[in-house]
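Trainee: Any chance you could fold what I've pasted below:
(one chain, ligands or ions: 2)
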Amino acid sequence: MNRISNEKKHLILPDAEVIYIPEFYSFEKERYYFKVLKTTVKWQQDNIKVFGKIHKQPRLTALYGENNQTYSYSNIEMKPKPFIKVLQEIKNDIENITKHDFTTVLLNLYRDGNDSNGWHADNEKELGKNPVIASLSLGEARWFHFKHRVISNEKYKLLLEPGSLLVMKGRMQHHWLHQIPKTKKVIDERINLTFRKIEIV
Ligand SMILES: O=C(O)CCC(=O)C(=O)O
Ligand SMILES: [Fe+2]
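Mentor: Numbers count the residues shown, from 1 in each chain. Ligands and ions are numbered 1, 2, ... in the order given. From the prediction side, this is the model:
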């Protein structure tokens, strides 16, 4: 597992802002958090409905939050578990660097290249108007694709490296879609944490 770049990227895009910090966590911290989260998080695999058919979601997930507010997406309603120490620690580090507060973290475990996250926007109403979403990557590097909903030549790929932090802000969730595509390469597991602010409705 190599660190591929140490280049911070700040993309000012039409209707969005994306910040990528490759070495948010050192190699040692990244390895430590990966191991702790892999074993202590209560991973679950939900069913999702795609074009009327029930499928297993192609990854494992978990939701932890500071309030009881449920979070619904793709016909799944998730009820948060109370924050655990390790997640609180990571949340504090991310709040310090982004200068934003988060209430909730959605975790994804991509077991191999067959696990994925299809095109979507994090535009659920619980997230408020222009949500700031901070996304930490641990384990295997995976490609993150994002494309504008209407401007067809506005499409980008970023390799999300272990220990990196990606921040999505501005009007991004209204105007852009993102995905983690499958890959045929034989790859290791990846854990992703997306910190969000879920308002009590
Ligand atoms: O795994 C990732 O980097 C993206 C996760 C994501 O988009 C989501 O959980 O909404
Ligand atoms: Fe997302």
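Trainee: Can you list the buried residues in stretch 137-156?
Mentor: 137, 138, 139, 140, 141, 142, 144, 146, 147, 148, 154 (16 or more other Cβ atoms under 10 Å). Where you see a C-beta, it was placed from the backbone N, CA and C, and this is true even at glycine.
Trainee: Now go through those and say which are in strands.
Mentor: If you go by DSSP state E, the buried residues of stretch 137-156 have 137, 138, 139, 142, 144, 146, 147, 148 in strands.
Trainee: ok, and which of the residues you listed reach ligand 1?
Mentor: residue 144 (Cβ under 6 Å from any ligand atom).
Trainee: of all the ones in strands among the buried residues of stretch 137-156, which comes closest to residue 194?
Mentor: residue 137 (10.2 Å; Cβ to Cβ).
Trainee: In the chain, what residue lies closest to ligand 1?
Mentor: residue 192 (3.4 Å; Cβ to the nearest ligand atom).
Trainee: The worst-scoring helix or strand of the chain on mean pLDDT: what's the following helix or strand?
Mentor: The helix or strand of the chain with the lowest confidence, counting by mean pLDDT, DSSP states H and E, is strand 71-73 at a mean of 81. Later in the chain than strand 71-73, the nearest helix or strand by DSSP states H and E is strand 76-78.
Trainee: first vs last residue of stretch 159-174, how far apart are they?
Mentor: 23 Å (Cα to Cα, to the nearest Å).
Trainee: Make TSV out of the ones in strands among the buried residues of stretch 137-156 and add pLDDT and distance to residue 73.
Mentor: Below are these laid out as TSV (pLDDT from 0 to 100; distance: Cβ to Cβ, whole Å):
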residue	pLDDT	distance to residue 73
137	98	20
138	98	22
139	98	23
142	98	20
144	98	18
146	96	17
147	97	19
148	97	21
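Trainee: The closest residue to residue 26 other than its chain neighbours: what's it in contact with?
Mentor: Nearest non-adjacent residue to residue 26, counting by Cβ to Cβ, 6 or more residues apart in numbering: residue 163, 6.9 Å away. When the contact criterion is Cβ atoms under 8 Å, 6 or more residues apart in numbering, the partners of residue 163 are 3, 22, 23, 24, 25, 26, 27, 29, 30, 137, 138.
Trainee: Closest to residue 83 out of those residues?
Mentor: Nearest member of those to residue 83, counting by Cβ to Cβ, is residue 138, at 17.6 Å.
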